[in-house]
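Novice: Got a predicted model here, sequence first, then my questions.
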Amino acid sequence: MNVSVDRIMQSTDRTRAVDLSHGLEDVPVLINCSAGVRTLPEFQYSPDNVEGPGCTADPSEVTLPGCSCRSLSCCAESCSCLKVHRQAYDVTGTLLDLSRTDSGYCSPVFECNTLCCCGDTCFNRVVQRGLRLRLEVFSTGNRGWGVRTLESIPHGMFVCEYAGEVISFGEARRRQLTQRSEENNYIIAVREHAGTGSVMETFVDPAVVGNVGRFLNHSCEPNLLMLPVRVHSVVPRLALFAGRDLKAHEELTFDYSGGYSNQTPVEVLSTKRDTDVQANRTEGLQRKACLCGANKCVVFLPLDLSILK
């Protein structure tokens, strides 16, 4: 369903917060219609990734094998999923290795999936359960729309996905080059380095089809970290976790270049060839000022929004 703030305000009391997801999330994504008159961009809300132009793998197709655990929750000593991909969460569903992005590279998280025999309450099912926190989209003033939490969030907890159209590199490049200077670049690129030297790339654009993650602002000192999480499909979900304890009403941000705690951007840590590719891909793109206000702000937003894993 396409939505705009103006249309929502015509159909509801201006003093009421309404659900931006129109019931597609288990927890409403609130937007306070009395907070301002800024028009929300037209887009189709989707809690999950969808297949876009040039996508070669259906994000909804089940392609990963499942475990044979018969208990409600898997055991690390016997579960094939946990033995092959290692345990990512504790029994409360909190991310265990909170420093997994410190080196600039990390392995993706693998959750139990629809082919697994364990129960829906298994601790290795976190991102697939969807939104569980009360979030609000609000007008920040000089940085457009933003997202804040309406409740405290402990360190390591899953917050939300960055969901949208999964597209090819060619389509991502075409969309970037045809953007007007006043438009936002929403495209995130995930590059995963396999042991054989091959690289798998995933491009997600929530501009036309997306979820609450599309409204998250960049910060050079973010409070969220992004990790690729595989559930049913080989196409990773881009999951955002709390990088520290967060207070209620705090704005949620992440580093568009994939770093965390103001680390050196991951691109700098990559190989010379990766750096050359990065330079070629950003040629012709316009630089935009960063307004995050962090003490160590890099002044400009990343040209190619990407995380390398």
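Specialist: That came through, no problem. Numbering: from 1, shown residues only.

Novice: Could you use CA atoms for every contact and neighbour count after this?
Specialist: OK.

Novice: show me where the stretch 51-200 of the chain has strands.
Specialist: Assigned by DSSP state E, counting those that start in this stretch, the stretch 51-200 of the chain shows strands spanning 109-110, 135-141, 144-149, 158-161, 164-167, 188-193, 199-210.

Novice: so who does residue 59 touch?
Specialist: 49, 50, 51, 166, 233, 234, 235 (CA atoms under 8 Å, 6 or more residues apart in numbering).

Novice: Actually, residue 252.
Specialist: 146, 147, 148, 149, 216, 217, 222, 223, 224.

Novice: quick one: it is in a strand?
Specialist: Yes: counting by DSSP: H, G, I helix; E, B strand; the rest coil, one finds residue 252 located in a strand.

Novice: The contacts of residue 252 into JSON lines, with extra columns for pLDDT, distance to residue 75 and neighbour count?
Specialist: Shown next, in JSON lines, are those (pLDDT from 0 to 100; distance: CA to CA, whole Å; neighbours: other CA atoms under 10 Å):
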{"residue": "146", "pLDDT": "93", "distance to residue 75": "39", "neighbour count": "21"}
{"residue": "147", "pLDDT": "96", "distance to residue 75": "36", "neighbour count": "25"}
{"residue": "148", "pLDDT": "97", "distance to residue 75": "35", "neighbour count": "20"}
{"residue": "149", "pLDDT": "98", "distance to residue 75": "32", "neighbour count": "19"}
{"residue": "216", "pLDDT": "96", "distance to residue 75": "35", "neighbour count": "21"}
{"residue": "217", "pLDDT": "93", "distance to residue 75": "38", "neighbour count": "21"}
{"residue": "222", "pLDDT": "93", "distance to residue 75": "33", "neighbour count": "23"}
{"residue": "223", "pLDDT": "95", "distance to residue 75": "31", "neighbour count": "22"}
{"residue": "224", "pLDDT": "95", "distance to residue 75": "28", "neighbour count": "28"}
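
Novice: Could you dump the residues you listed into a markdown table and include distance to residue 72?
Specialist: As requested, these are exported to a markdown table (distance: CA to CA, whole Å):
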| residue | distance to residue 72 |
| --- | --- |
| 146 | 38 |
| 147 | 34 |
| 148 | 33 |
| 149 | 31 |
| 216 | 34 |
| 217 | 38 |
| 222 | 35 |
| 223 | 33 |
| 224 | 30 |
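
Novice: thinking again about what came up before, out of the contacts of residue 59, name the ones that lie in strands.
Specialist: Residues of these located in strands (DSSP state E): 50, 51, 166.

Novice: Give me the residue ranges of the stretch 51-200 of the chain where confidence is low.
Specialist: 98-106, 194-197 (pLDDT under 70).

Novice: any chance you could map the helices in it?
Specialist: 80-85, 169-177 (DSSP state H, counting those that start in this stretch).

Novice: want to try JSON lines for those helices, with distance to residue 97 as columns?
Specialist: Shown next, in JSON lines, are the helices of the stretch 51-200 of the chain (distance: least, CA to CA, whole Å):
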{"stretch": "helix 80-85", "distance to residue 97": "13"}
{"stretch": "helix 169-177", "distance to residue 97": "30"}
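
Novice: and the ones you listed as a markdown table, adding distance to residue 56 and mean neighbour count?
Specialist: As requested, the helices of the stretch 51-200 of the chain are arranged in a markdown table below (distance: least, CA to CA, whole Å; neighbours: other CA atoms under 10 Å):
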| stretch | distance to residue 56 | mean neighbour count |
| --- | --- | --- |
| helix 80-85 | 24 | 16 |
| helix 169-177 | 11 | 15 |
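
Novice: Tell me which of those sits nearest to residue 40.
Specialist: Minimum separation from residue 40 across the helices of the stretch 51-200 of the chain (CA to CA) falls at helix 169-177, 20.1 Å.

Novice: from the chain's centre, how far out does the closest one sit?
Specialist: Distance of helix 169-177 from the chain centroid (CA atoms, centre = their mean, to the nearest Å) equals 19 Å.

Novice: one step back: top of the ones in strands among the contacts of residue 59 by neighbour count?
Specialist: When neighbours are taken as other CA atoms under 10 Å, the top entry among the ones in strands among the contacts of residue 59 is residue 166 (30 neighbours).

Novice: Surely it is in contact with residue 60?
Specialist: No: taking contacts as CA atoms under 8 Å, residue 166 lies outside contact range of residue 60: 11.0 Å.

Novice: Mutual contacts of the two, please.
Specialist: Contact criterion CA under 8 Å, 6+ apart; residues shared by residue 166 and residue 60: 49, 50.

Novice: Skipping adjacent residues, who's closest to the residue at minimal distance from the centre of the chain in space?
Specialist: Closest to where the C-alpha atoms of the chain average out (CA atoms, centre = their mean) is residue 162, at 2.7 Å. Once flanking residues are discounted, residue 162 sits nearest to residue 213: 4.6 Å by CA to CA, 6 or more residues apart in numbering.

Novice: And the one you found, how far from residue 152?
Specialist: 18 Å (CA to CA, to the nearest Å).

Novice: Nothing else from me, thank you.
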